[in-house]
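[1] The amino acid sequence is not available; the structure is as follows:
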């Protein structure tokens, strides 16, 4: 059933021209278009749930971090009642930023311009020279608080949306919750962010990393060939395409545009590939090869926090990489170290739009809170060496994405299309326990096309 | 030992510049040799002679780049966040990085054209004989592909150089970048 698209750009292009649902193509021009960008800010970033922070960044009452929901800056705070609030960082008096730091602790946020002050929950305290009532006589103090977003904390991750009456967070996650729980809700104390996020800006449109986070497994074989040539993922330079390491598994996805690639634990990396799980129990498999970020001491907690089916998946074919629509990448990966260890790397990225031709890459790095200190230390190092600013994997992406956007400017090039025509179609593997749209075998374009359908569905709604 | 276990910002230190007060004066023989070494190192990196650069590194090398954070009020100068880094490397991981760049990385293929400008160099003697603290300012201009606009980065470097067999070798480097949000699109180059 085709919905009717509700916008037409100045040159006459409609959403159906840009996202071609009949042929699974997207026009390259979407990767650099001022007019479309403004619509995306309104229809996606001012509407859907967005990941902002982790609750371990703001452990104490009054702690705050400043983050961005698209182009709208917000303050993420914890109040005295341990509640988390997300408030627009715009003084309702004259539009100044109420908070000029990136992080800190404050029980009152006082605007440095005229001194209007607000509590961590966003409510208005007052303006200086109270007797002169400088907040005016038309609006009550209860109407002068910071604009509040709707907040949901999941597995310590702080999400917010401006769509106060919109879909619930559970509706947003959909069938992916079953898989995401295996990463974010598997231990008693949960995850901990190991430090403030890395932040850097790339000259590219947010959708270039965005659509890649829709579980583009295929690019790994070519763009990240150094993982294969270095011997880390198995194979050699000559055998990359014959062996296609890391390409086979089950991609899971949903109509909301989220997806995760579930890869057979023992097959992903060369150093593990001689481990046979044949005839081994779930407990034995977990002990032989704990999922990334899990240590042997933490294994009993998995059984406590997850269902037997979820633990079995984590022991056998754990979710490892993928993303949540619109701008989140998940990488919970095995990370063999140069010293022989392999405690894994747990990272999330958000790709925050900074105009039609810029994106801010924010890299959140985690470990399990109850993991031993040395494991946390190793995992921090693994994540920094593999992902983000200097990460050997993502260095390659950062050099690629800007060139796609540059191509999107040419009057001829912009009419070229991105093709998502290598499709498998939903197929439920035998014995598979989770729900959602399932794509077993070689990783194909299905999950990324689902990302674009989620994009289409939000952009079609005014 | 830095506590890496928490994101809480109060763990940040402020350490900058030289710790030792035992200064090696500008123009002295040791100062001149160390400055020359910094220039040689910059040339090796600008010319992508990674083997020459690695030969200047000690095997107990620690090579880090903490993130910066915009803070205000009483903490406004405590903005070097050593709980999170852009680089967190040692000798073997540096070899992994240079090996990858010499072989199969798409990052830096084609390579950036870079100029590393090293200035404001200050030197002091460490407690261990033959080791010197060297703090310097670094400014990098980086040209990518045929883009007419360079990416740039400015930083302070806090090094320890050790005299080994008549040459100075790098044993510690902490790169304190100035931006909290880097304007450089990756750090596939060394600083």
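    Nice, thanks for sending it over. Here the structure is a predicted model, which is why all the values come from computation and not from measurement.
[2] Does stretch A:99-117 reach chain B?
    Yes. Stretch A:99-117 lies within reach of chain B by Cβ under 8 Å from any Cβ of the partner chain, at A:100-104, A:106. The way it works is simple: take the backbone N, C-alpha and C, and place the C-beta from them, glycine included.
[3] Check the gap between the residue of chain A found nearest chain B and residue A:57 for me.
    For chain A, the residue closest to chain B is residue A:195, as judged by Cβ to the nearest Cβ, at 2.8 Å. When distance is defined by Cβ to Cβ, to the nearest Å, residue A:195 is 9 Å away from residue A:57.
[4] What residues does residue 128 make contact with?
    With no chain named, the answer covers chain A. Listed by Cβ atoms under 8 Å, 6 or more residues apart in numbering or on different chains, the contact set of residue A:128 reads A:114-115, A:134.
[5] Just after the host helix or strand of residue A:403, pick out the following helix or strand.
    Element membership for residue A:403 (DSSP states H and E) is helix A:394-407. Once helix A:394-407 ends, the next helix or strand along the chain (criterion: DSSP H and E) is strand A:417-419.
[6] Mean confidence (pLDDT) on that next one, please.
    On average, the pLDDT along strand A:417-419 is 98.
[7] Quickly run through the sheet partners of that strand, with directions.
    With DSSP bridges as the test, strand A:417-419 is paired with strand A:25-27 (antiparallel).
[8] what does the partner strand contact?
    Against strand A:25-27 from outside (Cβ under 8 Å, 6+ apart): A:13, A:17-20, A:414-421, A:452.
[9] chain center to it: distance?
    23 Å (Cα atoms, centre = their mean, to the nearest Å).
[10] and the helix or strand that it is followed by, what's its mean pLDDT?
    Counting by DSSP H and E, the next helix or strand C-terminal to strand A:25-27 is helix A:34-40. Averaging pLDDT along helix A:34-40 yields 97.
[11] from the middle of its chain, how far away would helix A:34-40 be?
    Taking mean C-alpha positions (Cα atoms, centre = their mean), helix A:34-40 and its chain are 21 Å apart.
[12] which helices and strands does whichever helix or strand comes after it pack with?
    Later in the chain than helix A:34-40, the nearest helix or strand by DSSP H and E is strand A:50-54. With contacts defined as 3 or more Cβ pairs under 8 Å, 6 or more residues apart in numbering or on different chains; DSSP states H and E, the packing partners of strand A:50-54 are strand A:63-69, strand A:72-78, strand A:157-161, strand A:191-193, strand A:345-353.
[13] do the third one and chain B meet?
    So the one you mean is strand A:157-161. No. Strand A:157-161 is not in contact with chain B by Cβ under 8 Å from any Cβ; minimum separation 12.7 Å.
[14] Show me the contact partners of the lowest-mean-pLDDT helix or strand in chain B.
    When the helices and strands of chain B are scored by mean pLDDT, DSSP states H and E, helix B:91-103 comes last with a mean of 92. For helix B:91-103, the surrounding residues in contact (Cβ under 8 Å, 6+ apart) are A:226, A:229-230, A:338-339, A:381, A:385, A:392, B:50-51, B:53-54, B:57-61, B:63, B:89, B:107-108, B:188, B:190.
[15] Please name the residues that touch residue A:78.
    By Cβ under 8 Å, 6+ apart, residue A:78 lies in contact with A:55, A:58-64, A:84-85, A:120.
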